[in-house]
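S.K.: have a look at this prediction, sequence included:
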Amino acid sequence: SQQGEEDPQALSIQEGENATMNCSYKTSINNLQWYRQNSGRGLVHLILIRSNEREKHSGRLRVTLDTSKKSSSLLITASRAADTASYFCATRDTGANSKLTFGKGITLSVRP
Amino acid sequence: DAGITQSPRHKVTETGTPVTLRCHQTENHRYMYWYRQDPGHGLRLIHYSYGVKDTDKGEVSDGYSVSRSKTEDFLLTLESATSSQTSVYFCAISLGTDYEQYFGPGTRLTVT
């Protein structure tokens, strides 16, 4: 069963705007990861945040984690047309060893 | 690029026939995974492996079997393909203690 639930399911923005995507989960986690998938390709790892961290940055990406609310957000600043893709959150649940549980994904369209 | 290849990349087969998909990695990673991706369901784990001859089931393992006789190869077999197994199949490996995953390019399987 899906652990992460992303919100919204689809997002359309203008180039240069910021894109915010949310992920909620249900159980205790070790870490939460965000992935990107371009059409017809495999998923690409973007950023990881551990359960004892609240915020991380990587280039134009900012991810936050609120373990009390069991939620995470991914912010892409100054979006580009090349950011058009599907984005997935994945959780490594406590006790899940090497497995990740993926959400259903968010489709982001960035209009030039 | 984590050196992951999948073969074949596309396959059309008939209901009831056996099908084997191959995942090959070049860097001796211990953990390997098979997922299927379907619209509305995101990515779902079929089987995974934590070493040669060490495998375990994921959430959608019915109708699938796997084998790992060498570190570099992880095979997924559909013993008797059904139309419900039409999907895109992704192989992944994971790295480090946080289990970040890196994906192959995918195999599009159509069962007619």
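M.R.: Structure received.
S.K.: could you list the low-pLDDT ranges of the chain?
M.R.: Picked chain A for this. A:1-3 (pLDDT under 70).
S.K.: wrong one, I was asking about chain B
M.R.: Applying pLDDT under 70 to chain B flags the ranges B:1-2.
S.K.: within range of chain B, give me the residues from chain A.
M.R.: Neighbours of chain B within chain A, by Cβ under 8 Å from any Cβ of the partner chain: A:1-2, A:30-31, A:33, A:35, A:40-45, A:48, A:50, A:88, A:90, A:92, A:97-105. To be clear about C-beta, it is placed using only N, CA and C from the backbone, and glycine gets the same treatment.
S.K.: among those residues, which ones are buried?
M.R.: A:2, A:30-31, A:33, A:35, A:42-43, A:45, A:48, A:88, A:90, A:92, A:98-105 (16 or more other Cβ atoms under 10 Å in any protein chain shown).
S.K.: narrow those to those in strands?
M.R.: A:30-31, A:33, A:35, A:43, A:45, A:48, A:88, A:90, A:92, A:101-102 (DSSP state E).
S.K.: most widely separated two among those?
M.R.: Across those, no pair lies farther apart than A:30 and A:43, at 19.2 Å, counting by Cβ to Cβ.
S.K.: up against chain A, what does chain B have?
M.R.: Proximity of chain B to chain A, by Cβ under 8 Å from any Cβ, involves residues B:31, B:33, B:35, B:40-45, B:48, B:50, B:58-59, B:90, B:92, B:94, B:98-106.
S.K.: among these, which are in strands?
M.R.: Reading strands off the residues of chain B next to chain A with DSSP E, I get B:33, B:35, B:42-45, B:48, B:50, B:90, B:92, B:94, B:100-103.
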